[in-house]
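Undergrad: need the 3D shape of this:
(2 chains)
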Number of protein chains: 2
Amino acid sequence: MQKVNLSEKLSLFKDYWNPRIVGELNRQHVKLVKFKGEFVWHKHDNEDEMFLVVSGKFKMELRDKTIELKEGEFLIVPKGIEHRPVAEEEVSVMLFEPATTLNTGDTKGYLTKEHLEKI
Amino acid sequence: MQKVNLSEKLSLFKDYWNPRIVGELNRQHVKLVKFKGEFVWHKHDNEDEMFLVVSGKFKMELRDKTIELKEGEFLIVPKGIEHRPVAEEEVSVMLFEPATTLNTGDTKGYLTKEHLEKI
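TA: Predicted coordinates:
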């Protein structure tokens, strides 16, 4: 059993839209990811997803509104809800979601990461 | 769907060892709690538990070692492992754990909170 320091883990990678697994509990994963630019519209049919901003800010676009999130704020996107993260500047985000969650949900493509690295 | 600001939620209560529910996803709860002093030794037979320090620091005592956690660090305590949080000064912590989790685990007593408030 070891503690995890978010800043240390974030210093280990630089690429965007490529979540790393930093913890696992109750069949859920704790992930860290950096966003910059626009992701793809997608939804997760079976998984609710939580986004907690560790540093920076980004906008979560939903079909009916946009929610701006800054450091120390989180949003839970329920299963089935289409969403698209957009970050003008680099942002670091912690994700909580079931281990079954695919980053691009139902929109598979070049941004899809089938196998996430554990760091 | 609304975002949650951790600082705003933390400003809504002052008491120690009384977790509030601030989010729910995939049958897991996101909770905020303030610690000060010594908690009771306990374990959770069926739930892994995650502690993320939002501000301040505390020590997680385990039977074989003690892990000091500060802001931006988290620890996952697996089910069945006895633990006791100790905080010399006030610390604010985010918990991530199954909705079934009782704060004092198998050690019911005056610190047990059967019904948590949602804020």
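
Undergrad: what does chain A put close to chain B?
TA: For chain A, the residues in contact with chain B (CB under 8 Å from any CB of the partner chain) are A:1-7, A:23-26, A:28, A:30, A:47-50, A:54, A:62, A:67, A:69, A:72-78, A:81, A:96-98. Placement of C-beta: from N, CA and C, glycine included.

Undergrad: contacting residues around stretch A:101-109?
TA: A:17, A:19, A:29, A:39-45, A:47, A:49, A:111-114, A:116 (CB atoms under 8 Å, 6 or more residues apart in numbering or on different chains).

Undergrad: what about that stretch, start to end distance?
TA: 15 Å (CA to CA, to the nearest Å).

Undergrad: name the SS class of the residue most central in space within chain A, please.
TA: Central residue of chain A (CA atoms, centre = their mean): A:L95, 4.6 Å from the mean position. Three-state assignment for A:L95 (DSSP: H, G, I helix; E, B strand; the rest coil): strand.

Undergrad: quick one, what contacts it?
TA: Shown in contact with A:L95 (CB under 8 Å, 6+ apart): A:19, A:29-33, A:49-52.

Undergrad: swap in 10 Å and give it another go.
TA: A:19-22, A:28-33, A:49-52, A:74, A:101, A:103 (CB atoms under 10 Å, 6 or more residues apart in numbering or on different chains).

Undergrad: mark which of those are buried, thanks.
TA: Buried members of these, scored by 16 or more other CB atoms under 10 Å in any protein chain shown, are A:19-20, A:22, A:28-33, A:49-52, A:74, A:101, A:103.

Undergrad: so which of these are in strands?
TA: A:20, A:22, A:28-33, A:49-52, A:74 (DSSP state E).

Undergrad: now render those as JSON lines, adding pLDDT.
TA: Formatted as JSON lines, these follow (pLDDT from 0 to 100):
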{"residue": "A:R20", "pLDDT": "97"}
{"residue": "A:V22", "pLDDT": "98"}
{"residue": "A:Q28", "pLDDT": "96"}
{"residue": "A:H29", "pLDDT": "97"}
{"residue": "A:V30", "pLDDT": "98"}
{"residue": "A:K31", "pLDDT": "98"}
{"residue": "A:L32", "pLDDT": "98"}
{"residue": "A:V33", "pLDDT": "98"}
{"residue": "A:E49", "pLDDT": "97"}
{"residue": "A:M50", "pLDDT": "98"}
{"residue": "A:F51", "pLDDT": "98"}
{"residue": "A:L52", "pLDDT": "98"}
{"residue": "A:F74", "pLDDT": "98"}
